[in-house]
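Asks: generate coordinates for the sequence data below:
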Amino acid sequence: MKWVFRIVGGLVAVLILGAVTLLIMGHRANANHIHSVAELPGTPAEIWPWINDADKIGKWISWVVEVRNPSTYSVGAKRVVVMKDENNGGQTMEIAGTFSEYQPPSSMTVQLSSAGAFDGTRLIDSRIWATEELASKSISTSISRQR
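Replies: Numbers count the residues shown, from 1 in each chain. Next comes the predicted model:
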């Protein structure tokens with residue numbers, strides 16, 4: 001019987017250690033930051049409509065159902081992206097965005113929010129590469145979740 005308590009005690013200790021580790025890791029400076037870079041065949045001017053135009057967004061992001069937005073974007077403009085979230089039983093999710101920076105075709109920053117899911121900032125920037133060759137093929141996306 002003594003060995004059962006030792007095994008259970010060891011398993012509980014491992015679970016507590018894992019939980020404490022995750023808690024500590026969650027408080028690092030970039031814990032809520034996602035950064036990705038994609039190389040795309042084209043210049044920023046050619047790629048921009050595919051990340052900006054409501055009609056084109058749904059053609060390459062399969063989960064987008066609808067994009068509600070003004071006819072033109074500018075700082076302060078709002079856009080709502082409606083998606084069908086397959087990871088959540090196929091429920092629809094609305095992601096509201098407000099543009100805080102808008103400089104086509106080089107960059108845009110959007111404050112994102114989805115009720116009950118997240119709040120954050122998305123930066124799309126093609127100006128951050130050192131060489132023109134890389135800048136002509138890449139786009140950078142950073143998303144920071146606000147606590």
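
Asks: what's the weakest-modelled helix or strand in the protein?
Replies: Here the helix or strand of the chain ranked lowest by mean pLDDT, DSSP states H and E is helix 132-135, holding a mean of 44.

Asks: can you give me the helices in this structure?
Replies: Under the criterion DSSP state H, the chain carries helices at the ranges 2-25, 44-52, 54-60, 132-135.

Asks: show me what the first one is in contact with.
Replies: Okay, so that is helix 2-25. Ala31 (CB atoms under 8 Å, 6 or more residues apart in numbering). (Glycine included, C-beta is placed from N, CA and C.)

Asks: spell out which residues make up each domain of the protein.
Replies: In terms of domains, the chain is parsed into 1-31, 33-145 (source: automatic domain parsing).

Asks: switch the ones you listed over to CSV; also include mean neighbour count.
Replies: Rendered in CSV, the data for those read as follows (neighbours: other CB atoms under 10 Å):
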stretch, mean neighbour count
domain 1-31, 9
domain 33-145, 14
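
Asks: weakest of those by average pLDDT?
Replies: Among the domains of the chain, domain 33-145 has the lowest mean pLDDT, at a mean of 77.

Asks: and it, how far out from the chain middle?
Replies: Averaging C-alpha positions (CA atoms, centre = their mean, to the nearest Å) puts domain 33-145 8 Å from its chain's average.

Asks: quick one, longest strand in this structure?
Replies: Among the elements of the chain assigned as strand by DSSP state E, the one spanning the most residues is strand 91-103.

Asks: that strand vs helix 44-52, what angle?
Replies: With axes from the mean of the first three to the mean of the last three CA atoms, to 10 degrees defining the directions, strand 91-103 sits at 150 degrees from helix 44-52.

Asks: give me the residues contacting strand 91-103.
Replies: Applying CB under 8 Å, 6+ apart, the set of residues contacting strand 91-103 from outside is 65, 73-85, 107-115, 117, 121-123.

Asks: do the same with stretch 55-64
Replies: Stretch 55-64 is contacted by residues 49-51, 65-67, 81-86 when judged by CB under 8 Å, 6+ apart.

Asks: measure that stretch end to end?
Replies: End-to-end distance for stretch 55-64: 10 Å, by CA to CA, to the nearest Å.
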